[in-house]
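K.L.:
Following is a predicted model, sequence given first.
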Amino acid sequence: MEERNVFVKEVVGQRYKYGFTTDVRTEIIGKGLNEDVIRIISSKKGEPDWLLEFRLNAFRWWQTQKQPDWGHLHLPEIDYQDISYYADPTVGRPSDAKPGEIDPELMKTFDKLGIPLEERMALAGTAVDAVMDSVSVKTTHKKALEEKGIIFCSFSEAVRNHPDLVRKYLGSVVSSHDNFFAALNSAVFSDGSFVYIPKNTHCPMELSTYFRINARNVGQFERTLIVCDEGSYVSYLEGCTAPMRDENQLHAAIVEIVVMDNAEVKYSTVQNWYPGDSEGRGGVYNLVTKRGHLLGVNSKLSWTQVETGSAITWKYPSCVLTGDNSQAEFYSVAVTNNYQEADTGTKMIHIGRNTRSTIISKGISAGHSQNSYRGLVKVSPKADNARNYSSCDSLLLGSQCGAHTFPVIDVKNETATVEHEATTSKISEEQLFYCNQRGISTEEAVGLIVNGYAKEVLNKLPMEFAVEAQKLLAVTLEGTVG
Amino acid sequence: MLEIKNLHAVVDGKEILKGIDLTIRDGEIHALMGTNGAGKSTLSNVIVGNPRYEVTEGTMTYNGQDLLSMTPDERAHAGIFMSFQQPVEIPGVSMANFMRAAVNALARSKGVNAPKSSDFLHLMKSRRELVEIDQKLINRSVNEGFSGGEKKRNEIFQMAMLEPSFCILDETDSGLDVDALRIVAEGFNKLRRPETSAIIITHYQRLLDYIRPDVVHVLIDGTIIKTGGPELAGQIENQGFDWLR
Amino acid sequence: MAEIINIKGGEHKLMLLRNHDADMEIFIAAGASLKFYDLVNSPTERSIDSSISVTIHFVGPGSSLIMRGRMTGKNDDVISRQILIDHGVGECKSDIYYKCVLDGRADAVFAGRVFVAKDAQKTESHLLNRNLCLTKAAHMRSEPLLEIYADDVRCSHGSSIGMLDPDALFYLQQRGIPFAEAKRLLVDAFINEIQMPRLCVR
């Protein structure tokens, strides 16, 4: 048995190539959650009083709430007192280190993840904020961005240097009383990224945050806030990985996006948290609230997500279309294998006139996994001429998995046009055979066909991400058919 | 050399092939004619190992290798290619990616290095020109939005890319106009090496005017009832099958 | 308590003509086929409340279900349909199509859930709900749900909520048809896609 486990780990290890741990001195506060812990986190970050109040207010409300159970998931009752809420892997820096100098171990970690942090090595065309556990390690290309007036920094730094902006928009899209996990995040959030694009500015490079969980028994609660001012444009990418561990890890994040008049934001995620092993042990609980407010007229927001990781995913990147003529898109590929469970989708809330939204969701289930699309399209009485088109397809690989579609369409305006379509089927044997006849093995054919099936969504990703995502899909599904 | 002995096969519980004996030597072209539902397509699908068809009896070897114990992709690597009667569409998978996967898999099976990107693209271009297929089609997803004729031409293009030693043309002529038929047939003839052998399934003489068969078989109700020379095809076109029964 | 109906062998038709509450559970045995018709014709002079919950279980293979709903609501009508199709066994087909036209302040909910159990292979299920809202005060909510645990299935669902096509309205007017009549013609064309059988009342 022992030997077999080692083997299983090796196999899974090959599939999940980000499963290593970094040995770095990390300061972790004791397990448990109470007002004192929140005060400690706040004081460690040197936060102003209003932010501490924001946290405590969220915490008090959170204590009155129950963990939601409406998802099509087997999310266990989490013991919130058995988790540590703050881990700082940057404390090991020698005391004589220059400002901005990073522990070589952390450098190596991000190098291994394909995210070089040294300025001269940094990815061209992409500025990266690298966050490990509760702390931002480094943000690249900052100078070049500052010249254009663009703020891209860790959340903690934004609180210090741009308190007015943070105070104005924090919680304006996802209130601290929005839901259980959002309240938890609002109480204990540690780090994340802050983006501000000033008026009439086309952000010259992709902005990206890479989240890494490293420490054991520590929850990660990052917070991202993006404000795109009038007439501006930004494309933002988010990536995430975690080591392989037998116990589950909690990740409860919030992303808030504000889009002003004539502005456009593209937000892409490749979510690759550790999914657990082939027998369902370990993996990240990914419980995330993401929402954009299309506040301005003619504003645009598009969410693109490729979800391959996490033991449990509970995530609904949503859009509130307040500005007249605003346009929102949601493109999603969610792949589940082994014992993974995903309940993901979107909400499109049409409030302004002539608002448009598009939802394209592709679910792929394999192994013993459960994969659900959950969506809401709501047209309020004032949203004249609102349009929505939704298409949700599910592909089943194997007889032990499930695929589910739970859309709700709620219309209170007679000029609205809302259309939803969904299909569920297994992978076509005819297509598999055609590939086989051309000499392509079944395993490779599955990868090809699934990538083709997801193409519409993958095409929405920035180029470098799309290539990575394609490989990820194929790797996630290795050994599922044949 | 393909050798089939006493082959029986079942589809959806129904016996379609009832004892086929067939030997095709290297370099030979065999035409297979017969009524609809006689088992022509079943025979070709069984040769390439379509899992929908179950072989219940008999043997089948190609160059001494036992085909029945090989997976469809292994059979393809052994040099067997089928031009499908109705090629399936694979949305989102570009022709270039698809061919790349097939060419690389073939190289792997031979233990040689996969061609470099530039060489591969060059090969695509030269083979595309051979069957006069438009670049636009190659940029699309596999068979998606192709007309019937374009699909058939695309099959021959793939044959050109993979250079098989044994080809099955399953009603490749149906749905083709005269010009397209000529292009497809000439493409096949240009690709053909002295040792290339083939089975050509057709209802009409006109394809056989371009690709001269060495042997013509008539398949009725799961068995080969008559075998003759090229003149047999003409007789069938003029007189039908009834006189053979 | 739900009314229980057992459908055994052969072809059956069932028509619901009730503008009031009902709760029923139907079991379809192996090889049987059921055509289920659901008609709501709102009267002009008063408002109705028609809340119906139907659960249909497939309990044997080789059976089929065709379900057609035709609803028109006006005034302060409240219409609610909670439909569960339980494909507990394989090799069954279901085809559900509901259309609804809402006028006045009518409020309607269509919740159709298709459940395919783990071993219910070769299930084919198609669910469609199309709705037309004619006024601002009308409210439509559509929840077509698919819950699938078997892999060898072909399932789809679709839902739409929309208004009359202004281009079509204009086209008819340009041909001299008055607005009100043009509107009626288009509404009729929409709802007439769902045909009810002549008469077979249960």
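P.N.:
Great, that's in hand.
K.L.:
CA only for contacts and neighbour counts going forward, please
P.N.:
OK.
K.L.:
which strands and helices sit next to the helix-or-strand element of chain C with minimal mean pLDDT?
P.N.:
Here the helix or strand of chain C ranked lowest by mean pLDDT, DSSP states H and E is helix C:166-174, holding a mean of 80. Packing partners of helix C:166-174 (3 or more CA pairs under 8 Å, 6 or more residues apart in numbering or on different chains; DSSP states H and E): helix C:179-191.
K.L.:
Quickly check: the helix it packs on near chain A or not.
P.N.:
No. Using CA under 8 Å from any CA of the partner chain, helix C:179-191 never reaches chain A; the gap is at least 13.7 Å.
K.L.:
Can you spell out which helices and strands pack onto that helix?
P.N.:
strand C:93-102, helix C:166-174.
K.L.:
Residues of the stretch 351-482 of chain A that sit close to chain B?
P.N.:
Checking the stretch 351-482 of chain A against chain B by CA under 8 Å from any CA, the hits are A:430-431, A:433-441, A:448-449, A:451-456.
K.L.:
Can you show me the helices along chain B?
P.N.:
B:40-48, B:72-77, B:95-110, B:117-130, B:135-139, B:148-162, B:178-191, B:205-210, B:231-239 (DSSP state H).
K.L.:
Show me the shaky parts of the chain.
P.N.:
In the absence of a named chain, this looks at chain A. A:1-15, A:92-100, A:119-125, A:479-482 (pLDDT under 70).
K.L.:
Oops, wrong one, chain C.
P.N.:
Ranges of chain C meeting pLDDT under 70: C:1, C:18-20, C:199-202.
K.L.:
those strands in it, which residues are they?
P.N.:
Taking DSSP state E, the strands of chain C run over residues C:3-7, C:11-16, C:22-28, C:33-41, C:49-58, C:64-73, C:78-87, C:93-102, C:107-116, C:123-133, C:139-148, C:153-162.
K.L.:
can you put these in CSV and add distance to residue C:193 and mean neighbour count?
P.N.:
Listed next are those as CSV, based on distance: least, CA to CA, whole Å; neighbours: other CA atoms under 10 Å in any protein chain shown:
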stretch, distance to residue C:193, mean neighbour count
strand C:3-7, 27, 13
strand C:11-16, 17, 16
strand C:22-28, 25, 17
strand C:33-41, 13, 19
strand C:49-58, 22, 20
strand C:64-73, 9, 21
strand C:78-87, 19, 21
strand C:93-102, 8, 23
strand C:107-116, 18, 23
strand C:123-133, 11, 23
strand C:139-148, 19, 25
strand C:153-162, 15, 23
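K.L.:
and these as a markdown table, adding distance to residue B:162?
P.N.:
As requested, the strands of chain C are exported to a markdown table (distance: least, CA to CA, whole Å):
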| stretch | distance to residue B:162 |
| --- | --- |
| strand C:3-7 | 57 |
| strand C:11-16 | 54 |
| strand C:22-28 | 53 |
| strand C:33-41 | 51 |
| strand C:49-58 | 49 |
| strand C:64-73 | 47 |
| strand C:78-87 | 45 |
| strand C:93-102 | 43 |
| strand C:107-116 | 43 |
| strand C:123-133 | 38 |
| strand C:139-148 | 40 |
| strand C:153-162 | 34 |
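K.L.:
so which of those strands gets nearest residue A:208?
P.N.:
Across those, residue A:208 has its closest neighbour in strand C:139-148 (35.7 Å, CA to CA).
K.L.:
can you tell if that closest one touches chain A?
P.N.:
Yes. Strand C:139-148 is in contact with chain A by CA under 8 Å from any CA, via C:139-148.
K.L.:
list the helices and strands that strand packs on?
P.N.:
Against strand C:139-148 (3+ CA pairs under 8 Å, 6+ apart) you get strand A:402-411, strand C:107-116, strand C:123-133, strand C:153-162.
K.L.:
please redo it, this time with the cut-off set to 7 Å
P.N.:
strand A:402-411, strand C:107-116 (3 or more CA pairs under 7 Å, 6 or more residues apart in numbering or on different chains; DSSP states H and E).
K.L.:
how about residue 82, what does it touch?
P.N.:
Since you didn't name a chain, this refers to chain A. By CA atoms under 7 Å, 6 or more residues apart in numbering or on different chains, the contact set of residue A:82 is A:31-32.
K.L.:
Hmm, no, I was thinking of chain C.
P.N.:
Residue C:82 sits in contact with C:52-54, C:110-112, where contact means CA under 7 Å, 6+ apart.
K.L.:
How much space separates it from chain B?
P.N.:
Look at residue C:82 and chain B: by CA to the nearest CA, to the nearest Å, they are 36 Å apart.
K.L.:
try residue A:363
P.N.:
15 Å.
K.L.:
Quick one: name the residues of chain C near chain A.
P.N.:
Proximity of chain C to chain A, by CA under 7 Å from any CA of the partner chain, involves residues C:133-163.
K.L.:
in chain C, which residue is closest to the centre?
P.N.:
residue C:98 (2.7 Å; CA atoms, centre = their mean).
K.L.:
give me the element residue A:269 is part of.
P.N.:
strand A:264-271 (DSSP states H and E).
K.L.:
Parallel or antiparallel, list what pairs with that strand.
P.N.:
strand A:233-241 (parallel), strand A:300-307 (parallel) (DSSP bridges).
K.L.:
which one of the ones you listed is the most hemmed in?
P.N.:
Counting by mean count of other CA atoms under 10 Å in any protein chain shown, strand A:300-307 has the highest mean neighbour count of these, with a mean of 26.
K.L.:
which residues are in contact with that strand?
P.N.:
Contacts for strand A:300-307 (CA under 7 Å, 6+ apart): A:263-272, A:294, A:317, A:326-335, A:460-461.
K.L.:
Which is the succeeding secondary structure element to it?
P.N.:
According to DSSP H and E, the helix or strand after strand A:300-307 is strand A:312-315.
K.L.:
Can you show me the CA trace of that following strand as PDB?
P.N.:
The C-alpha coordinates for strand A:312-315 follow below in PDB (Å, rounded to 0.1, in the frame of the first residue of the first chain):
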ATOM      1  CA  ILE A 312     -13.800  22.700  -4.800                       C
ATOM      2  CA  THR A 313     -14.500  25.700  -6.900                       C
ATOM      3  CA  TRP A 314     -17.300  28.100  -5.900                       C
ATOM      4  CA  LYS A 315     -17.000  31.100  -8.100                       C
END
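K.L.:
which is the next helix or strand following it?
P.N.:
Following strand A:312-315 in sequence, per DSSP H and E, is strand A:318-321.
K.L.:
Just checking: what are the partner strands of that next one?
P.N.:
Partners of strand A:318-321 in its sheet, by DSSP bridges: strand A:283-294 (parallel), strand A:341-350 (parallel).
K.L.:
CA atoms only for the shortest one - export them in CSV, please.
P.N.:
Only the C-alpha atoms of strand A:341-350 are listed here, as CSV (Å, rounded to 0.1, in the frame of the first residue of the first chain):
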residue,chain,number,x,y,z
GLU,A,341,-16.1,19.6,-7.8
ALA,A,342,-16.9,22.9,-9.5
ASP,A,343,-19.9,25.1,-9.2
THR,A,344,-19.2,28.1,-11.4
GLY,A,345,-20.9,30.6,-13.7
THR,A,346,-21.9,34.2,-13.7
LYS,A,347,-24.6,36.7,-12.9
MET,A,348,-25.5,39.4,-15.4
ILE,A,349,-27.6,42.1,-13.8
HIS,A,350,-29.0,44.5,-16.4
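K.L.:
If anything else comes up later, I'll come back, but that's it for now.
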